[in-house]
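Student: Turn this into a model:
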Amino acid sequence: GISGLMAALGAAERGARVRVVERHSRYNLRGSQINPGPKGKLFLEAGIKIDYEEVIREELELAGYKPDPRLWRLWVENSSMVADKLLSIAESHGIRVRIFKWNTNPQDPYNKWPKPAYNFVSNNGVPGFSVLGPALEDELRKMGVEFHYRTRALRLMRDSEGRISGVIARREEDGSYVRFRARRGVVLCTGDYSSNVELMRLWAPPEAARMAEDPYGVIYRLITPTNTGDGHLMALWEGADMDEAPHAPMYLMVPEGKNPQRLFELYMKPEGPGRTLQLQVNPFLFVNENGERFANEALPYSWLLNKIVQQPNFHYWAVFDSRWEEEISKHSDGPNRLTPNVVDNYREVGKRFLEVAIEDGAAVSADSLEELASKMGVPRDRFLRTVRRYNELAARGVDEDFGKPSVYLTPIRDPPFYAVRGRAVLLVMVSGLKVDTRLRVLDRSGNPIPGLYAAGNVSGGFFALYYSVPTLPGVSLSRAATFGYLAGRNAAEGS
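Tutor: Below you'll find the predicted structure:
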């Protein structure tokens with residue numbers, strides 16, 4: 001991923017001979033935004049000032065002060081430098097970088113955040129962090145970096161003095177084994193372990209572990225099923241220590257139709273029908289499989305997901321009426337929400353999303369609420385009571401049940417009626433090996449393991465409890481890029 005590519009860059013800039021050993025057939029870059037920290041070039045040019053001291057306090061408080069504040073400070077002090085390296089590479093390859101800031105509403109439960117971030121857009125208009133992949137690989141190859149794809153690292157090696165001195169790997173094409181010697185160090189950037197059901201049962205929260213047992217419960221397993229915790233295990237076999245369980249998950253709200261294996265193709269591609277924007281994320285009325293409301297639907301993304309994972313089978317329905325186009329014009333921004341601030345032609349994008357979702361079975365429509373309940377498969381009388389109560393609250397302008405802001409409280413009364421079936425899935429686990437501020441992996445006594453470094457989702461100490469999207473969008477990718485670069489640089493310098 002981005003941590004591995006940036007580790008290669010950090011090491012190559014220091015004159016090291018670098019080999020990238022990757023189990024998959026290519027690099028894996030995902031996501032859409034990267035937070036550039038306090039002194040990003042575009043932030044300075046735009047006059048954007050953010051109190052990142054407050055950012056650190058907010059993140060630590062939301063995570064119960066379980067993360068290591070020294071790692072957060074390390075990120076703040078170095079993120080802008082690394083983000084601007086990516087900015088320079090992107091611009092030299094014709095990739096546009098813009099500042100994107102989510103709009104919030106004064107009534108939002110958490111309206112002082114989120115803060116702006118960098119968005120990358122290819123020359124054909126496709127947004128997303130993945131457009132950086134070819135540019136980064138091109139730059140690294142020019143610097144002499146070797147790429148060994150479809151090669152799975154299996155075991156770390158130590159020399160006679162106990163220093164990590166290389167890795168034993170297996171080439172997937174012919175099953176042959178190869179030994180890579182590392183004179184300066186090994187940087188683990190192997191991602192998380194969400195595709196390993198046994199490790200999920202061992203380290204993840206119970207609900208995340210149950211998701212992993214579902215063939216479609218882990219989103220990236222549908223795309224790159226190679227994140228099986230190889231780096232975690234290799235380090236543990238060498239005496240490494242790890243974040244205490246349960247580890248922090250990053251969940252995602254997705255539509256669920258008749259073809260879950262086509263989820264990414266239908267709903268997650270930037271160039272797809274909905275351009276990754278999905279109406280089941282907008283703050284309409286949410287009901288579970290029992291036809292009951294269960295949350296303030298306007299909660300920030302991560303917090304709302306904490307409620308969704310408590311529902312039967314992690315499922316819910318987003319219910320709205322024919323005035324949905326008018327309603328979303330009032331909605332504040334958030335991950336995958338369809339709003340005018342995110343896309344100008346939001347009406348057309350929303351209509352196209354509904355067409356695809358209805359065809360896929362992820363959405364239903366009806367001319368009466370009774371018919372809608374039948375198509376949803378929820379208890380009719382209970383669902384009708386839920387809608388009646390919701391309409392009463394909307395008429396009063398006060399949500400006495402869950403505290404939803406009045407701007408989002410709109411009655412469901414004008415046919416046709418719609419319901420989009422959503423569910424929570426696991427994106428990644430964001431906890432891992434304990435590291436110090438040099439990104440050296442620590443053993444169970446708190447001492448660095450000589451020659452071993454880690455970055456990205458194989459490393460820990462940065463998140464706890466859950467991934468807090470409301471506070472700082474793009475920080476996960478930024479942490480991966482920043483710590484990857486620093487780990488590679490430190491390994492090359494032997495520090």
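Student: V197: what's it in contact with?
Tutor: Neighbour list for V197: 209, 212-213 [criterion: CB atoms under 8 Å, 6 or more residues apart in numbering]. C-beta: built from backbone N, CA, C; applies to glycine.
Student: before we move on, what about R184?
Tutor: 11, 16, 451, 491-494.
Student: and if we set it to 7 Å?
Tutor: Taking CB atoms under 7 Å, 6 or more residues apart in numbering as the contact definition, R184 lies against 16, 491-492, 494.
Student: Can you say which of those are buried?
Tutor: 16, 491-492 (16 or more other CB atoms under 10 Å).
Student: want to throw the residues you listed into a markdown table with distance to L465, pLDDT and secondary structure?
Tutor: Shown next, in a markdown table, are the buried ones among the contacts of R184 (distance: CB to CB, whole Å; pLDDT from 0 to 100; DSSP: H, G, I helix; E, B strand; the rest coil):
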| residue | distance to L465 | pLDDT | secondary structure |
| --- | --- | --- | --- |
| A16 | 37 | 95 | coil |
| A491 | 30 | 96 | helix |
| A492 | 34 | 96 | helix |
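Student: would you turn those residues into JSON lines with distance to A395?
Tutor: Putting those into JSON lines (distance: CB to CB, whole Å) gives the following:
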{"residue": "A16", "distance to A395": "67"}
{"residue": "A491", "distance to A395": "63"}
{"residue": "A492", "distance to A395": "65"}
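Student: between those, which is nearest P411?
Tutor: Nearest to P411 among these is A491, at 59.7 Å by CB to CB.
Student: all helices for the stretch 251-400 of the chain, in order.
Tutor: Secondary structure of the stretch 251-400 of the chain (DSSP state H, counting those that start in this stretch): helices at 263, 301-308, 324-328, 346-360, 369-376, 380-396.
Student: closest to W75 out of the ones you listed?
Tutor: Closest approach to W75 among the helices of the stretch 251-400 of the chain (CB to CB): helix 301-308, 18.7 Å.
Student: With only the CA atoms kept, save the closest one in PDB.
Tutor: Extracted as PDB, the C-alpha positions of helix 301-308 are listed here (Å, rounded to 0.1, in the frame of the first residue of the first chain):
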ATOM      1  CA  TYR A 301     -20.200   8.400  10.200                       C
ATOM      2  CA  SER A 302     -18.100   6.400  12.700                       C
ATOM      3  CA  TRP A 303     -20.500   7.000  15.600                       C
ATOM      4  CA  LEU A 304     -23.500   6.000  13.500                       C
ATOM      5  CA  LEU A 305     -21.700   2.800  12.400                       C
ATOM      6  CA  ASN A 306     -21.300   2.000  16.100                       C
ATOM      7  CA  LYS A 307     -25.100   1.800  16.300                       C
ATOM      8  CA  ILE A 308     -25.500  -0.100  13.000                       C
END
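Student: Average pLDDT for the longest strand seen in the chain, rounded please.
Tutor: In the chain, taking DSSP state E as the definition, the longest strand is strand 417-429. Taken as a whole, strand 417-429 has an average pLDDT of 95.
Student: what's in contact with the helix or strand following it?
Tutor: On the C-terminal side of strand 417-429, the closest following helix or strand by DSSP states H and E is strand 440-442. Residues outside strand 440-442 that contact it (CB under 7 Å, 6+ apart): 235, 240-241, 433-436, 448-449, 452-454.
Student: do that again at 10 Å, thanks
Tutor: For strand 440-442, contacts defined as CB atoms under 10 Å, 6 or more residues apart in numbering pick out 164, 185-188, 231, 235-236, 238-242, 432-436, 447-454, 458-461, 487, 490-491, 495.
Student: From these, which land in helices?
Tutor: 231, 235-236, 487, 490-491 (DSSP state H).
Student: Just the buried subset of these, please.
Tutor: Using 16+ other CB under 10 Å as the burial test, the ones in helices among the contacts of strand 440-442 include 231, 235, 487, 490-491 as buried.
Student: Could you single out the nearest of these to S25?
Tutor: Closest to S25 out of these is G231 (18.4 Å), distances taken as CB to CB.
Student: what's the spacing between G403 and I2?
Tutor: 38 Å (CB to CB, to the nearest Å).
Student: Any chance of CSV for the helices of the stretch 251-400 of the chain, columns distance to F147 and mean pLDDT?
Tutor: Below are the helices of the stretch 251-400 of the chain laid out as CSV (distance: least, CB to CB, whole Å; pLDDT from 0 to 100):
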stretch, distance to F147, mean pLDDT
helix 263, 29, 79
helix 301-308, 35, 92
helix 324-328, 43, 91
helix 346-360, 36, 90
helix 369-376, 48, 97
helix 380-396, 54, 97
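Student: So for E292, which of the ones you listed sits nearest?
Tutor: helix 380-396 (5.8 Å).
Student: circling back: and which of the buried ones among the ones in helices among the contacts of strand 440-442 is nearest to F314?
Tutor: Nearest to F314 among those, with distances taken as CB to CB, is G231, at 27.8 Å.
Student: Surely the closest one is in contact with M242?
Tutor: No - using CB atoms under 10 Å, G231 makes no contact with M242, being 11.2 Å away.
Student: Give the intersection of the neighbour lists for these two.
Tutor: Shared contacts of G231 and M242, defined by CB under 10 Å, 6+ apart, comprise 432-433, 441, 459.
Student: ok, which pair from these is furthest apart?
Tutor: Spatially, the most separated pair among the shared contacts of G231 and M242 is G432 and V441, at 9.6 Å (CB to CB).
Student: Determine the residues that are contacts of both of these two.
Tutor: Common neighbours of G432 and V441 (CB under 10 Å, 6+ apart) are 188, 231, 235, 240, 242, 454, 458-460.
Student: would TSV of the residues you listed with distance to V343 and pLDDT be doable?
Tutor: As requested, the shared contacts of G432 and V441 are exported to TSV (distance: CB to CB, whole Å; pLDDT from 0 to 100):
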residue	distance to V343	pLDDT
L188	38	98
G231	37	97
A235	42	98
A240	44	98
M242	41	96
A454	37	98
V458	34	97
S459	35	97
G460	36	96
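Student: Tell me which of these fall in strands.
Tutor: Per DSSP E, these map to strands at 188, 454.
Student: ok, so what distance separates L369 from V319?
Tutor: Computed as CB to CB, the L369 to V319 distance reads 9 Å.
Student: out of the two, which sits in the more crowded spot?
Tutor: V319 (26 against 21; other CB atoms under 10 Å).
Student: how about the more buried one, what does it touch?
Tutor: 280, 284-287, 291, 293, 369, 372-373, 376, 378, 383, 386-387, 390, 412, 417-420.
Student: Right, I'll call it a day here.
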